[in-house]
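>>> Here is my input; please provide its structure:
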Amino acid sequence: SCFLWLTHWYPVHVLDELDPARPHAIELLGKQLVLWRDAQDDWQCFDDACPHRLAPLSEGRVEADGTIMCSYHGWKFSGDGACVDIPQAISEKQKAVACSCKRARAVRYPTRQAYGLVWVWPTSGPAAEVAAGATPLPITTAVKEFWDSGKQVKWFRRELEYSYDILVENLVDPAHVPWAHHNLNPNTSRTKGGPMIVKPVKMVPNLEGSMPTSSAGNGMSNGAADTSADHTMYKPIVLEHNTQEVAPGAGTGAVNGASGVVGSNGRADARPLYMHADTDPLGNFQYGTALAPAGAHMAFTPPCSSACQYTLGPGHLCRSELMAVPASPGKSVAITMLEMTDVPKLTAAEVFKSIFMDPGNFPAMLQRFLRERRPLYEDHLQANTLFDQDMVFLNAADRVITRKGKLSWPRSYYMPTPSDAAVMAARRWFDKSLQLPLNPDDPTSPPASSVISLSAESAAAAAVPRHQQMDRYSQHTKHCKICQQAMQKLEQQLGILKAAALICGAAAAGLVAADAVLLSAAVVHSSVDGCETASGVACVAQQLMQSAMGNGVVAAAGGVGVFLGVAAVVCAAWGKAVQEKLQQFTYVEFYHADNN
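Here you go, the predicted structure:
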C-alpha cells in the first residue's frame, strides 16, 4: 500500500548500445523522453518536447558543442536543460532575455550512468534531484561487486509489445524455459522440462543492530505465502534455506557455498549476492532446473529487478539479472544480462585435450569455445530469438486478461502446481500496486495502471500483426549501435561477395567459351592431314589449336575456369548466408510448431 512508482531509479538503456552522436527516444511510465550525451560526456534525459512548439527533440541533433538542437527551429539546449540559442531572436539582448526565461528550459530528469546502464528518475525539479541523489541504484550486490572489481557486464535491451506486469510474470516463471525456449541452447529443451517446485525461502529480520530499508520502501511482504501480511522489513536479513529437494534429482544448493543461514561471500550478517543490498525483495525462491543441477535461487525486487543464482556445482555459481521496465500502456522494455562471469575462456588446447580425456563432453566444450569467441552481435541475435519465442503468446495473454480484468487472474488463471508460486506472488503485488495513484501528492493523479497496463480499448481492438510484434529492427536494432555497425559491415561484405560472384562467374564463362572454341576447332580439323589440304584460315586455326594443346594452355584455362566457377558458387552461397544473417536483424518468422 505504500509503494511509490515515481521514487525509484529505472534502467532505460544499455550504454554500449547507445550512439552518442544522436538523440534517442525512449518511454518510461507513459512519458515520452529523449536521451542524449552532452559536452561532459554525461547522458541526459529530457522531455521529448521542445518548449518552443513541442516538436520532439529526439528528431533533433547532438551538436559538436555538446548541446541538443531542435531541428524544427534550431533552438539549442545544454545538459542542464537551459536554452542557449534561439536563432529567431532579433538581437543578442532579446536572445539572452528569452533564453533566461524558465519557460524556455527543457524539462530535465535526474540521470545516472552506472554498471553499463543509463538510469532515469521519473520526476523532475530540485526535489527530484535531491531524492534521486539520496537513493541507491537498484542493482544486485553481485553486479556491484563484479563491476567494482574492474570487470564489465554485457547487457541487451529489447522493446516489447506487451505490458510490464506480463513481462514480470514471465521473468519470475522458470517453468516455461524448457518449453517456450526449446532449442535456444543445449540446456533449454523440452526433454528437460517436467515437475518443478518453486519454493519460497523464508527471510528473517535480523533485529539486533538492524536498520530500516530505504525510505521509499517496497510495500511488499517477504515471501509468497502471504503477500498481504504487514511485515516490518529490516536490513540486514538472513535466510533460512529449506533443505528439502526442490526438483527430482536437484537439491536446493547452498548460496555462496555456505549452508543454513547464509549471506554475501559467506557473511551471515549480509544478504546473498543475488539480492539488493538496500531493498527487500518481493519474494525469494528456490527451485531446480536443468540449467543448474544443484539448484537455483530467484529474487524479484520491484519495480524492475529479477535476479537468479544458479548453483552449477560445489563452488561454481552463475548469476543473472533481468530488468522489467514499464514503458507505456501495453508496452514494456526488457534489459537482460548477456554475460557476467569470472570463468576464464576455454583454450584450444583444453578443447583438443577433451577429445581424448573426456570425449562425451567434447561437443559441449567446442560449442562453448566457439560461443566465447563469437562477435557480440551474435549474442544480440540469440537474445532476440529468446524474446521472439515468448512474444506472440504473451501479447495474446495480455489482451485476454485485460478484457477479463487484471484482477480476475485468480479465476482466469488455473495454476495448480507449485511452479507458479512466484507468479502468484507477483500478481498479488500488482493487484495493489497498479491501483495506487501514480503520484500520491497529486489528488487528481490517475492509478499507475493507466500508464503501465494495456487499456481495455486497446485489448478490444484488432490484434497487433505478428510481424509488428516481432519487429526486431524497431524494437532493438535501430536503437543498438552494436547491431547497426554489424549490419553495415555485413552489407559491405554482401556487396563484395555479389561483385566477386559476378566477376568470377563471367570470367569462368569466358574461359569455358574460349576452351569450347579451341576444342571445336580440334574436332572440325582432326581429319585434315596437314595444312596443305586445308584452307588458309583453317590451317592457322589448326596450328594455333595444336600449339595450345601442346603447351597445355587449353587444359590450364579449363582448370582456371573450373576454379573461377567454383569461386563464383562459393561467393554466391556465402552471400546468401550473409543476406540471411542480415535478415535476422530485422524480422524472423517464428512458429513453435516448426521448432522441432
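>>> Nearest residue to the most centrally placed residue in the chain in space, please, no chain neighbours.
The centroid of the chain falls nearest to F156 when counting by C-alpha atoms, centre = their mean (2.7 Å). Excluding its sequence neighbours, the residue lying closest to F156 (C-beta to C-beta, 6 or more residues apart in numbering) is A383, at 4.3 Å. (Each C-beta comes from the backbone N, C-alpha and C, glycine too.)
>>> Helices of the stretch 1-150 of the chain, residue ranges please.
92-100, 126-133, 141-148 (DSSP state H, counting those that start in this stretch).
>>> what comes into contact with the last one?
Which is helix 141-148. Under the criterion C-beta atoms under 8 Å, 6 or more residues apart in numbering, residues 114-116, 153, 264, 270-277, 307, 309, 319, 321, 340, 342 lie in contact with helix 141-148.
>>> now, which of those lie within strands?
Using DSSP state E, the members of those that fall within strands are A114, A307, Q309, R319, E321.
>>> number of nearby residues for the closest residue to the third one other than its chain neighbours?
Distance criterion C-beta to C-beta, 6+ apart; nearest residue to Q309, sequence neighbours excluded, is Y274 at 4.0 Å. Number of residues near Y274 (other C-beta atoms under 10 Å) recorded here: 27.
>>> And Y274, how far from D38?
The span separating Y274 from D38 equals 35 Å under the rule C-beta to C-beta, to the nearest Å.
>>> TSV for the ones in strands among the contacts of helix 141-148, including distance to R428 and neighbour count?
Below are the ones in strands among the contacts of helix 141-148 laid out as TSV (distance: C-beta to C-beta, whole Å; neighbours: other C-beta atoms under 10 Å):
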residue	distance to R428	neighbour count
A114	32	15
A307	20	28
Q309	24	25
R319	26	20
E321	23	26
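>>> Quick check: the farthest pair among those?
Across the ones in strands among the contacts of helix 141-148, the longest distance by C-beta to C-beta is 21.5 Å; it joins A114 and Q309.
>>> what ranges do the helices span in the stretch 351-500 of the chain?
Counting by DSSP H, counting those that start in this stretch, the stretch 351-500 of the chain has helices at residues 362-373, 376-404, 409-412, 421-433, 449-452, 456-460, 466-469, 472-475, 481-524.
>>> Could you export the fifth one as PDB, CA atoms only?
In other words, helix 449-452. Output for helix 449-452, consisting of C-alpha atoms alone and laid out as PDB, is shown next (Å, rounded to 0.1, in the frame of the first residue of the first chain):
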ATOM      1  CA  SER A 449      -2.100   1.100 -14.300                       C
ATOM      2  CA  SER A 450      -3.200   3.900 -16.600                       C
ATOM      3  CA  VAL A 451       0.400   4.400 -17.800                       C
ATOM      4  CA  ILE A 452       1.500   0.800 -17.400                       C
END
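>>> Point out the other helices and strands that it packs with.
For helix 449-452, the contact count by 3 or more C-beta pairs under 8 Å, 6 or more residues apart in numbering; DSSP states H and E identifies strand 316-328 as packing neighbours.
>>> Same question for the longest one.
Counting by 3+ C-beta pairs under 8 Å, 6+ apart, the packing neighbours recorded for helix 481-524 are helix 376-404, helix 536-550, helix 553-583.
>>> which one of those is the most hemmed in?
Across those, averaging neighbours per residue (mean count of other C-beta atoms under 10 Å) puts helix 376-404 on top, at a mean of 19.
>>> tell me the angle that helix makes with helix 481-524.
Using axes from the mean of the first three to the mean of the last three C-alpha atoms, to 10 degrees, the interaxial angle of helix 376-404 with respect to helix 481-524 works out to 120 degrees.
>>> Could you identify the helix or strand that succeeds the helix or strand bottoming out on mean pLDDT in the chain?
The helix or strand of the chain with the lowest confidence, counting by mean pLDDT, DSSP states H and E, is strand 261-262 at a mean of 29. Taking DSSP states H and E as the definition, the helix or strand that follows strand 261-262 towards the C-terminus is strand 283-289.
>>> List the pairing partners of that next one within its sheet, with orientation.
Each strand that pairs with strand 283-289, with its direction, by DSSP bridges: strand 199-200 (antiparallel), strand 292-301 (antiparallel).
>>> Please name whichever of those is nearest to A509.
Between A509 and the strands paired with strand 283-289, the shortest gap by C-beta to C-beta is with strand 292-301, which sits at 58.2 Å.
>>> and that closest one, how far out from the chain's middle?
Computed by C-alpha atoms, centre = their mean, to the nearest Å, the chain-centroid distance of strand 292-301 equals 21 Å.
>>> quick check: angle from it to strand 316-328?
For the pair strand 292-301 and strand 316-328, the angle between their directions (the same axes, to 10 degrees) equals 30 degrees.
>>> Export strand 292-301 to CSV, keeping only CA atoms.
Listed next in CSV are the C-alpha coordinates belonging to strand 292-301 (Å, rounded to 0.1, in the frame of the first residue of the first chain):
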residue,chain,number,x,y,z
ALA,A,292,21.6,-25.8,-12.5
PRO,A,293,21.6,-29.4,-11.4
ALA,A,294,22.5,-28.3,-7.9
GLY,A,295,19.6,-25.9,-7.6
ALA,A,296,18.8,-22.2,-8.3
HIS,A,297,17.5,-19.1,-6.4
MET,A,298,15.5,-16.2,-7.6
ALA,A,299,14.6,-12.9,-6.1
PHE,A,300,12.3,-10.2,-7.6
THR,A,301,12.7,-6.7,-6.3
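>>> quick one, that strand and helix 421-433 angle?
Going by the same axes, to 10 degrees, strand 292-301 makes 0 degrees with helix 421-433.
>>> average pLDDT for strand 292-301?
Per-region confidence: strand 292-301 scores 88 on mean pLDDT.
>>> Mind listing what's buried along it?
Applying a neighbour-count criterion of 16 or more other C-beta atoms under 10 Å, one finds A292, P293, A294, G295, A296, H297, M298, A299, F300, T301 buried in strand 292-301.
>>> I figured the first one hits Y310, correct?
Same thing as A292. Yes: with contacts counted by C-beta atoms under 8 Å, A292 reaches Y310, the gap being 3.5 Å.
>>> And stretch 366-380, end to end?
For stretch 366-380, the first and last residues are 21 Å from each other (C-alpha to C-alpha, to the nearest Å).
>>> how far out from the middle of the chain is that stretch?
If you compare the mean C-alpha spot of stretch 366-380 with that of the full chain, they lie 16 Å apart, counting by C-alpha atoms, centre = their mean.
>>> go on, stretch 406-413?
What separates the centre of stretch 406-413 from the centre of its chain is 30 Å, taken as C-alpha atoms, centre = their mean.
>>> residues in contact with that stretch?
Residues outside stretch 406-413 that contact it (C-beta under 8 Å, 6+ apart): D165, V400, I401, K404, D420, R427, F430, D431, L434, S449, S453.
>>> Which of these are buried? Put it as a PyMOL command.
If you want just the buried ones from those in PyMOL, going by 16+ other C-beta under 10 Å, the selection is:
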select buried, resi 165+401+420+427+430+431+434+449+453
